[in-house]
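[1] Sharing a model that was predicted from the sequence below.
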Amino acid sequence: MKKTILSLGIICLGALTLAGCGNQNKVPQKTVAPKTEQKVKKDTANESKAESDTQTSDSDSVESSVATASSATTPNKQATNDPQVTPQQLGTMVAFLQFPDWFKTGIQDGGMYYGTNNPKMVVGGNEVAGYDFISANGDPTSYIYYKKNGDTVTIKYVDPKGSECVADAGFTTKTVSYHNLLQDYYQNQSQKNEVNSDASQLKSWASVNQDVYQSQN
């Protein structure tokens, strides 16, 4: 009987000892939920930033494309304002600038002419070689010579002031901007109609000066 009780006591003591050892060997597990949550938040923030950068990049790309398209479709201002007028139309605008009353009177009387100087025929002398001219077909003071070079229009005419004889009077020269002429006299439809109408009434200087041409050729 005593042996039985003693055996039971030894067994119980061994069990308690094993239980204690088991508790001592058990390692507490660390909580990883907070770390996982932080990682999720960090990943979410990175995704939001990446999406924002993508939207900004797309927006910049769209704006760049719109700007490029606008630049490609918007005509150059100078090209728009340059209708490439004829020499007669340009001469009409030069006359409007220089001697408008004289020119209008000549048009109304049917006595205004257009001509051009070429290597075989130079009216007015070598100083105006290569120039076009508007003329009332009279003395040297009835001629306005003009020549376009890029945006510059050079105008020459005989000014008798200060000379006892018209034949001795020299040329007065001035330069004006071609596009300023267009701006002042060929901008709206009413101005264009007036210039075109007067230019169409200019007669050919060569046709009424055949004798001069024949003597020069």
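    Alright, I've got the coordinates. As the structure is a computational prediction, the values presented were derived from the model and not from experiment.

[2] Burial check on residue 188, number of neighbours?
    For residue 188, the count of nearby residues is 7 (other C-beta atoms under 10 Å). (C-beta placed from N, C-alpha, C; glycine too.)

[3] Which is the succeeding secondary structure element to the helix-or-strand element of the chain with minimal mean pLDDT?
    Using mean pLDDT, DSSP states H and E, the weakest-scoring helix or strand in the chain turns out to be helix 77-80, at a mean of 38. Remark: after helix 77-80, the chain's next helix or strand is helix 87-98, criterion DSSP states H and E.

[4] I'd like the next helix or strand past that following helix.
    helix 100-109.

[5] and that following helix, which residues are buried?
    For helix 100-109, burial by neighbour count (16 or more other C-beta atoms under 10 Å) applies to 102-103, 106-107.

[6] which other helices and strands contact the helix or strand that comes right after it?
    Per DSSP H and E, helix 100-109 leads on to strand 113-116 as the next helix or strand towards the C-terminus. On a contact count with 3 or more C-beta pairs under 8 Å, 6 or more residues apart in numbering; DSSP states H and E, strand 113-116 meets helix 87-98, strand 132-135, strand 203-204.

[7] Burial-wise, tell me which of these comes out on top.
    Among the helices and strands packed on strand 113-116, the stretch with the highest mean neighbour count (mean count of other C-beta atoms under 10 Å) is strand 132-135, at a mean of 24.

[8] And the strands in this protein, which stretches?
    113-116, 132-135, 143-149, 152-158, 171-177, 203-204 (DSSP state E).

[9] Pick the most deeply packed of the ones you listed.
    strand 132-135 (a mean of 24).

[10] sorry, back to before: JSON lines for the strands of the chain, including mean pLDDT?
    Below are the strands of the chain laid out as JSON lines (pLDDT from 0 to 100):
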{"stretch": "strand 113-116", "mean pLDDT": "96"}
{"stretch": "strand 132-135", "mean pLDDT": "97"}
{"stretch": "strand 143-149", "mean pLDDT": "97"}
{"stretch": "strand 152-158", "mean pLDDT": "96"}
{"stretch": "strand 171-177", "mean pLDDT": "95"}
{"stretch": "strand 203-204", "mean pLDDT": "95"}
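
[11] can I get these in JSON lines with distance to residue 123?
    JSON lines is the format used below for those (distance: least, C-beta to C-beta, whole Å):
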{"stretch": "strand 113-116", "distance to residue 123": "6"}
{"stretch": "strand 132-135", "distance to residue 123": "7"}
{"stretch": "strand 143-149", "distance to residue 123": "7"}
{"stretch": "strand 152-158", "distance to residue 123": "12"}
{"stretch": "strand 171-177", "distance to residue 123": "13"}
{"stretch": "strand 203-204", "distance to residue 123": "13"}
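
[12] Minimum distance to residue 94: which of the ones you listed has it?
    Residue 94 lies closest to strand 143-149 among the strands of the chain, at 4.7 Å (C-beta to C-beta).

[13] In the sheet, which strands lie alongside that closest one, parallel or antiparallel?
    In the sheet, strand 143-149 lines up against strand 132-135 (antiparallel), strand 152-158 (antiparallel) (DSSP bridges).

[14] I'm done for today, thanks for sticking with me.
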